[in-house]
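Visitor: with the input below, show me the fold.
(one chain, ligands or ions: 1)
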Amino acid sequence: MPVCFDIGGTNIRSGWPDQDGIVQIAGKRPTPGDSLDGFLTAMVEMVQEAPAAQRDYVAISIAGFADPKTGALTIANIPCLKGENLSGLLEARVNVPVIVANDADCLALAEAYAGAAKGAQNVFAIVLGTGVGGGMVINGDIVTGFGGISGEWGHGPVVDPTAGGMVEHMGYFQCGCGQKGCLDTVGGARGMENVHKALHQAELGAEDILNAWRQGDAAATRTIEACTEMVARVLSTFVNALGPESVPVGGGLAHANDLIAEIDRRVRTMVLNTYDHPLVVPAHHVKNAGLVGAAYLRPNQMRGVA
Ligand SMILES: [Zn+2]
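Guide: Residues are numbered from 1 along each chain as shown. Sure thing, here's the model as predicted:
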């Protein structure tokens, strides 16, 4: 059984599956972001806190991408890990296999094996948080992708600024990836705020926009129509390409069941297939998706699940 980790820019959290496969949350420490040695020391100590029977291997969910060939990490919010081979460095200290996976891939695993998509062979799990991300399970395996990148449907200059039937041209927003017009800039919480400001010259937080939409506010309704339309257009092409039985939604907007239902309604009118059940649904695992999903990672595989 593995010791599981969820590593973010703020905290490292640990846990392990009990005999029923339920991940028990065990430890939490601040992430030592600027010291590689401090980071590895903290990880070793947290591994040693786990019962010996749990220490067959270490499974890590992280907000970054590990190159499957070199292990080199691409990661924005933990400076000391940039370019480092985390699995190799940690294996040398704990003497058991270490597997590192992207956090959205772990969300897809958690939902495919123990969540909203339980039993599905193909799952495209999407993250609607500050921005837009995603991860895939195809035929029961995660897809790590060339260079460690896959499922990242939030990037690429695809946005149509007239989406939702608008006559106003709301323009393009600069994305953190260097391009303009990525779905990431209009599809998540920050995107809603971008679109609302461009259409109505009003600064409003995403939660306030959602609440105004629920109360029938015309400006917020226009914003949500535009955002859900842009998300649904891109998502429908991914659904056609990947053939998922389920598209669970994680991230900070996962609690907005009505927003997700609106995206689902639009996507199902755009895809080739006919779904007689909701396709885009709230994920079951949001806060603990990294730990739950990491428990389904297996060592000594380029990708996937035993
Ligand atoms: Zn981008």
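Visitor: how about residue 43, phi and psi?
Guide: Backbone torsions for residue 43, taken as degrees, to the nearest 10, come to phi -60, psi -40.
Visitor: if I follow the layout properly, it ends up in contact with residue 27?
Guide: No: using CB atoms under 8 Å, residue 43 is not in contact with residue 27; the gap is 10.5 Å. C-betas here are computed from N, CA, C, even on glycine.
Visitor: these two - which one has more neighbours?
Guide: residue 43 (25 against 17; other CB atoms under 10 Å).
Visitor: excluding chain neighbours, what is closest to the more buried one?
Guide: Once flanking residues are discounted, residue 43 sits nearest to residue 90: 5.8 Å by CB to CB, 6 or more residues apart in numbering.
Visitor: coming back round to it: need the overlap of contacts for residue 43 and residue 27.
Guide: Overlap of the contact sets of residue 43 and residue 27 (by CB atoms under 8 Å, 6 or more residues apart in numbering) consists of residue 12.
Visitor: can you give me the strands in the stretch 1-150 of the chain?
Guide: Along the stretch 1-150 of the chain, counting by DSSP state E, counting those that start in this stretch, strands occupy 2-7, 11-17, 23-30, 57-62, 64-66, 73-75, 98-102, 123-128, 132-138, 141-142.
Visitor: would you map out the domains in this structure?
Guide: 2-106+288-294, 119-282 (automatic domain parsing).
Visitor: can the last one be found next to the ion?
Guide: Spelled out, it's domain 119-282. Yes: using CB under 5 Å from the ion, domain 119-282 reaches the ion at 155, 175, 177, 179, 182, 184.
Visitor: most neighbours of all these, which one?
Guide: When neighbours are taken as other CB under 10 Å, the top entry among the residues of domain 119-282 next to the ion is residue 182 (27 neighbours).
Visitor: next, work out how far apart the closest residue to it other than its chain neighbours and residue 199 are.
Guide: In space, and not counting its chain neighbours, residue 182 is closest to residue 175: 3.9 Å by CB to CB, 6+ apart. Counting by CB to CB, to the nearest Å, the gap from residue 175 to residue 199 is 19 Å.
Visitor: so, low pLDDT: which residues of the stretch 1-150 of the chain?
Guide: Scanning the stretch 1-150 of the chain for pLDDT under 70 picks out no residues.
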